[in-house]
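Test case, fold it:
(one chain, ligands or ions: 2)
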Amino acid sequence: MKRINSVAVSHEEATRQKAIIKRLKHRLEEKQLTYYITTFGCQMNAHDSEMIKGILEDIGYREASQELEADFVIYNTCAVRENAEQRVYGRIGHLKSIKRKKPDMMIALCGCMMQQPTVIQELKKKHKHIDLVFGTHNLYKLAELLETRLDSGSTVYDIWEAHKEIVEDLPSIRKHKFKASVNIMYGCNNFCTYCIVPYVRGRERSRHPEDILKEVRDLVVDGVVEIVLLGQNVNSYGTGLDMPMTFAELIQEVEKIDGLRRIRFMTPHPKDLSDDLIEVMADSQKICHHVHLPIQSGSSRLLKAMNRHYTKESYLDLVKRIKARIPEVAITTDIIIGFPTETEADNDDTIDVIHQVEYNTAYTFIYSKRTGTPAANMEDQVPEAIVKERFNKILEAMDIVSLKNSEKHVGNTYELLVEEVNHKKADWVSGRLKDNHLVHIQGDESLIGTFVNVKITGSKTYYLVGEII
Ligand code: 5AD
Ligand code: SF4
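Ligands and ions are numbered 1, 2, ... in the order given. A predicted model of the protein is given here:
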């Protein structure tokens, strides 16, 4: 075992879990079971679901095309906003009657929502038809928990308050053959006052660089050309490692891997995006010139109340430095509307930042009160009708700057990584530019996973149209 940030990396545990997977495979083989997983929330959860799929498929489960047909239904949940939680409760409620008719159907709940004691109390009281409940720290134990459930015949609850170990090398099934996400760290130490993540994902823990690099190398051998390095705050990568390493240093090591064509990362915190990283990005052939830089609010007063550790001015200065070194960079963001005490003037500050930065896209969220966070106890929560009005103003501003950004691409040529068949037209495909812009071109599925040079012929607010040259 190697120790990282006082968390052990256990390859032995992975070996133990793989033995359980093998045992279950023998035990369940003849049943030809199927699973259906629904993932709520962020890329981190999507990545966790890839491991859940990998484990289940190694046991012998196959993916069902519909939830109601599946023998095993899994919800990987999100706790960031209340409406995602309500959707989960709604769906669990619906499954109760289904399970009465199909008593062998297995239901598992996992992910961030399960790390909240109030949720567990509610499940124990009102939702006794659930079979397996586990959290964010122990999903590598899925096979073991499933075996316990099968042996005991009663609901298994296994929620850990903190990470005990990082388990490497477990099976995983990714959505695209040519692109993959790689966790570089887990957890968050920032405690933004509105956010539940530090409470449900625990303290920051970085993976060892050698493990990250090995994973990326293996992925490249398996056909991956684009990777996304994931962490709640990638800029603080490496603190606490036996041999501390910065994110800028790590990404340079990743860049050296032959065969890898594109590197993305999510999410940097504006308070500590270093000039070193900007330099590395500017000089790199592989790191995509796209920075997702969540602002949350343009008001320095609210940023302080949110515990974000930057001001409107310092954020704008950072953007200026990034744009000076990487002129064609695309900047995207997250915005929260309706944080307690927010005024019209605060919202105007956010709109001002939108116009100054000219974001490519923004993920806009209505503030959701999360019990246990400091903001939940703040006075002056903003009335819903006012929040909606402000939300619409933000969207209007975003539409203007996004269109402007899209239009700048028209007439230029770029390298496009084709990702999938277009959702609306079967003889079109869609892909992403290095700056993350979505582009639709005429073509068939043989192009998926390949790079093509395209000329941009048209632009809409949130996508571009091009043709192969
Ligand atoms: N309410 C609304 N949005 C939130 N986010 C995090 N917590 C909340 C909350 N309580 C948003 C932030 C963050 C993104 C992942 O989710 O904008 O960047
Ligand atoms: Fe939440 Fe802030 Fe951590 Fe992001 S940096 S996960 S918003 S606490």
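
Burial check on the closest residue to residue 351 other than its chain neighbours, number of neighbours?
Leaving aside its sequence neighbours, residue 351 sits nearest to residue 397 (C-beta to C-beta, 6 or more residues apart in numbering; 4.7 Å). For the C-beta atoms, the positions are set from N, CA and C on the backbone; glycine is no exception. When neighbours are defined as other C-beta atoms under 10 Å, residue 397 has 19 of them.

Could you do residue 130 as well?
Residue 130 sits with 21 neighbouring residues when counted by other C-beta under 10 Å.

Surely it is in a helix?
No: per DSSP: H, G, I helix; E, B strand; the rest coil, residue 130 lies outside any helix segment and is coil.

Distance check, it against residue 157.
According to C-beta to C-beta, to the nearest Å, residue 130 stands 9 Å off from residue 157.

Check residue 292 too.
As for residue 292, its distance to residue 157 is 35 Å (criterion: C-beta to C-beta).

Tell me which of those two has more neighbours.
Under the criterion of other C-beta under 10 Å, the comparison of residue 292 against residue 157 puts residue 292 first, with 19 against 16.

Quick check, pLDDT for the closest residue to the more buried one other than its chain neighbours.
Using C-beta to C-beta, 6+ apart and skipping the chain neighbours, the partner closest in space to residue 292 is residue 332 (4.8 Å). Listed pLDDT for residue 332 reads 97.

secondary structure class for residue 332?
strand.

How many neighbouring residues does it have?
Neighbour count of residue 332, defined by other C-beta under 10 Å: 19.

Likewise for residue 314?
What residue 314 shows, counting by other C-beta under 10 Å, is a neighbour count of 14.

For it, which non-adjacent residue is spatially closest?
Leaving out its chain neighbours, the residue that sits closest to residue 314 by C-beta to C-beta, 6+ apart is residue 270, at 7.9 Å.

list the contacts for that neighbour?
If a contact means C-beta atoms under 8 Å, 6 or more residues apart in numbering, then residue 270 has 293-295, 308, 310, 314-315, 318 as its contacts.

And for residue 345?
residue 299.

how about residue 330, what does it touch?
Under the criterion of C-beta under 8 Å, 6+ apart, the neighbours of residue 330 are 289-291, 360, 405, 435-437.

again, but for residue 247
Contacts of residue 247 by C-beta under 8 Å, 6+ apart are 184, 234-238, 265, 268, 274, 277.

mind redoing it with 6 Å?
Residues near residue 247 by C-beta atoms under 6 Å, 6 or more residues apart in numbering: 234-235, 237.

can I get these in CSV with secondary structure?
Shown next, in CSV, are the contacts of residue 247 (three-state DSSP):
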residue, secondary structure
234, helix
235, helix
237, coil
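
who wins for neighbours among the residues you listed?
Of all these, the highest neighbour tally under other C-beta under 10 Å goes to residue 237, namely 27 neighbours.

how many neighbours does residue 49 have?
Residues lying near residue 49 (other C-beta under 10 Å) number 23.

What is the one helix or strand it maps to packed up against?
Per DSSP states H and E: residue 49 is located in helix 43-59. Packing partners of helix 43-59 (3 or more C-beta pairs under 6 Å, 6 or more residues apart in numbering; DSSP states H and E): helix 11-28, strand 34-39.
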